[in-house]
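1. okay, here's the prediction I keep looking at, along with the sequence it came from:
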Amino acid sequence: MFKRILIANRGEIALRIIRACKKLNIETVAIYSVADKNAEHVRISDHAICIGQAPVSESYLNIPAIISAAQITKADAIHPGYGFLAENAKFAEICEKSNICFIGPNSASIALMGNKISAIKALQAFDILPVPGSSQTNTLDLAKSEAHRIGYPVLIKAAFAGGGRGMRIVKNATDFDLAYHEAKIEAKHACDNETIYIEKYLNEPRHIEFQVISDHYGHVELLGERDCSIQRRYQKIIEEGPVTNIPMAVIQPIREKLKLATQKLGYHGVGTYEFLYQDNTFYFIEMNTRLQVEHTVTEEAFNIDLCKWQILIAAGKPFQMTTKPLRYAIECRIVAENTKLGTPSPGIITKIRLPGGANIRIESELYQGIQITPYYDPMIMKVIASGDTRADALINMRQALNELLIQGIDTNISQLQLVLNQPWFITQAIHTNILTAAKEPMHEIPA
Ligand code: ADP
């Protein structure tokens, strides 16, 4: 077992990983930027080391500084969390070559599945459908003729970027040229790689994802599905599961194909296969080769500690657990932003009151007086509510958000409260464009 793990991340996920390490009696090394010197992950870690200035390129993406920190502190493994270097195959490879265990799949798996184009091809070999599309986009003319063949509207997507960056919906040929160039520039800026591809744009899909866990001995388990359809600007804000309103006859064959693919591709650790679901059909869009923000939904529903198992599997332990969904869970992401303008809202948290009680879980870096800086992701808290049924979990979530108070910055709490009370949310008549499509402003509807 590992003696000491360096956590190459910050915020709530760094806290989450430190807590998992403590359960396993493993020492932790936090890394932090100058802007994070008063952060919670620094305070609760056994050791902490400053690795650079506030901008991510100088700190949380600074590979030489992070590897040096691991070597200086004699960490035998690095947990990358999500975001930052979590899906960077080069970073995983450097860890491998430096004899530091990268907690995640090996660098070859990340290279294959972290590139959306090669991931789609890899899964096609297992009869898993992607959204109709094309990776033939080397020149503008070729891309345009492929878009014509697929049929408008199309979506231009970046092969490596996440968080909706590099994505452009194109409604007709006239708009194609500009969107093509913009997407490439944005992709290059986001991930230093301008590779793009084209997909048919689906109007009202649901985002459904499959959680997988796989050890080094061929044991692969699929831990149910999560519905992450409530999004704004292609970013999830509410996730829930296990999904119970899709026919088993449609879900089961996908589960079986994914299980086989995971085994045959030699993928180890935790991972998520993301799909769009429309007209009773699943279309694979991408794989996340890491722990996801919303892993907590599965943890609550299945009563499993995915982060702990991720560490155990990386250490070579077999996965041994019966996996059955026991409860329903919903997660709301609290972000520091002005929801009307869609802009981040940095500042000092002047007052904070957390919800509590049974079936409520909070994952957060917040405390009174903390400065939310503009340098990092605006997500500052996750609230997870669970219950015996979806209706119970929803009641618990509403109460939790009613109790939650964050002052000093703008947040999306009231937007989330509105969503939770909409008839389409209550009946799960949802799709990924529902927040944009709700043309009328959402009104408060008594629960
Ligand atoms: P990212 O890695 O940037 O998050 P994804 O491929 O995971 O990109 O897609 C993010 C979201 O974008 C999806 O959940 C969905 O809302 C939307 N999206 C992606 N592909 C399509 C598509 N072909 N048609 C419609 N919406 C899509």
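-> Happy to help now that I have it.

2. can we go C-alpha only for contacts and neighbour counts from here?
-> Fine.

3. what does the stretch 201-350 of the chain put close to the ligand?
-> 201-203, 207, 234, 285-286 (C-alpha under 6 Å from any ligand atom).

4. and the two most separated of the residues you listed?
-> By the measure C-alpha to C-alpha, Asn203 and Glu286 form the most distant pair in these, at 18.1 Å.

5. higher neighbour count, the two?
-> Taking other C-alpha atoms under 10 Å, Asn203 and Glu286 do not tie; Glu286 has more neighbours (23 against 11).

6. does that one belong to a helix, a strand or coil?
-> strand (DSSP: H, G, I helix; E, B strand; the rest coil).

7. that one against Ala119, yeah?
-> Yes - assessed by C-alpha atoms under 8 Å, Glu286 is found in contact with Ala119 at 6.7 Å.

8. what is in contact with those two at once?
-> Common contact partners of Glu286 and Ala119 (C-alpha atoms under 8 Å, 6 or more residues apart in numbering): Met113.

9. can you give me the helices for the stretch 51-200 of the chain?
-> Per DSSP state H, counting those that start in this stretch, the stretch 51-200 of the chain carries helices over the ranges 63-72, 89-97, 107-114, 116-124, 140-150, 176-191.

10. ranking these by burial, who's on top?
-> Of all these, helix 107-114 has the most neighbours on average by mean count of other C-alpha atoms under 10 Å, namely a mean of 21.

11. what about that helix, distance to the chain center?
-> 17 Å (C-alpha atoms, centre = their mean, to the nearest Å).

12. pull the residues that contact that helix.
-> For helix 107-114, contacts defined as C-alpha under 8 Å, 6+ apart pick out 87-90, 92-93, 118-119, 122, 160, 265-267, 286-289.

13. does it come close to the ligand?
-> No - against the ligand, helix 107-114 shows no contacts by C-alpha under 6 Å from any ligand atom, the least distance being 9.5 Å.

14. for the closest residue to the ligand within the stretch 251-400 of the chain, give me its contacts.
-> Proximity of the stretch 251-400 of the chain to the ligand (C-alpha to the nearest ligand atom) peaks at Ile285, 5.2 Å away. For Ile285, the contacting residues are 116, 120, 130-131, 273-276, by C-alpha under 8 Å, 6+ apart.

15. so how do I select the buried members of those residues in PyMOL?
-> In PyMOL, this line selects whichever of the contacts of Ile285 come out buried by 16 or more other C-alpha atoms under 10 Å:
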select buried, resi 116+120+130+131+273+274+275+276
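
16. sitting in strands, which of the contacts of Ile285 do you find?
-> Among the contacts of Ile285, the members found in strands (DSSP state E) are 273-276.

17. spatially, which two of the residues you listed are the most separated?
-> Tyr273 and Leu276 (10.4 Å).

18. contacting residues around the longest strand seen in the chain?
-> Counting by DSSP E, the longest strand found in the chain is strand 220-232. For strand 220-232, contacts defined as C-alpha under 8 Å, 6+ apart pick out 205-214, 236-243, 255, 259, 262-263, 297-298, 302, 323-325, 430-436.

19. at 7 Å instead, please
-> Under the criterion C-alpha atoms under 7 Å, 6 or more residues apart in numbering, residues 206-214, 236-243, 255, 259, 263, 323, 430-432, 435 lie in contact with strand 220-232.

20. pLDDT below threshold where in this protein?
-> 439-447 (pLDDT under 70).

21. how is it carved up into domains?
-> Per automatic domain parsing, the domain ranges recorded for the chain read 4-103, 132-200, 206-437.

22. got these as JSON lines, with distance to Phe126 columns?
-> As requested, the domains of the chain are arranged in JSON lines below (distance: least, C-alpha to C-alpha, whole Å):
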{"stretch": "domain 4-103", "distance to Phe126": "23"}
{"stretch": "domain 132-200", "distance to Phe126": "16"}
{"stretch": "domain 206-437", "distance to Phe126": "6"}
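
23. nearest spatial neighbour of the residue of the stretch 301-447 of the chain at minimum distance from the ligand, chain-adjacent residues omitted?
-> In the stretch 301-447 of the chain, the residue that lies nearest the ligand is Thr432 (4.8 Å; C-alpha to the nearest ligand atom). Counting by C-alpha to C-alpha, 6 or more residues apart in numbering, Thr432 lies nearest to Ser229, which is 4.5 Å off, once chain neighbours are set aside.

24. tell me, how many neighbours does the one you found end up with?
-> If you count neighbours by other C-alpha under 10 Å, Ser229 ends up with 27.

25. do the same with Asn280
-> The local packing count at Asn280 equals 9, with neighbours defined by other C-alpha under 10 Å.

26. any figure for the gap between it and Glu204?
-> 12 Å (C-alpha to C-alpha, to the nearest Å).

27. and Ile117, by the same measure?
-> Ile117 is 23 Å from Glu204, where distance means C-alpha to C-alpha.

28. list buried residues within the contacts of strand 220-232.
-> Buried among the contacts of strand 220-232 by 16+ other C-alpha under 10 Å: 206-214, 236-243, 255, 259, 263, 430-432, 435.

29. now, those that are in helices?
-> Judged by DSSP state H, helices contain the following of the buried ones among the contacts of strand 220-232: 255, 259, 263, 435.

30. residues contacting Glu331?
-> So Glu331 contacts 238-240, 297, 382-385 (C-alpha under 7 Å, 6+ apart).
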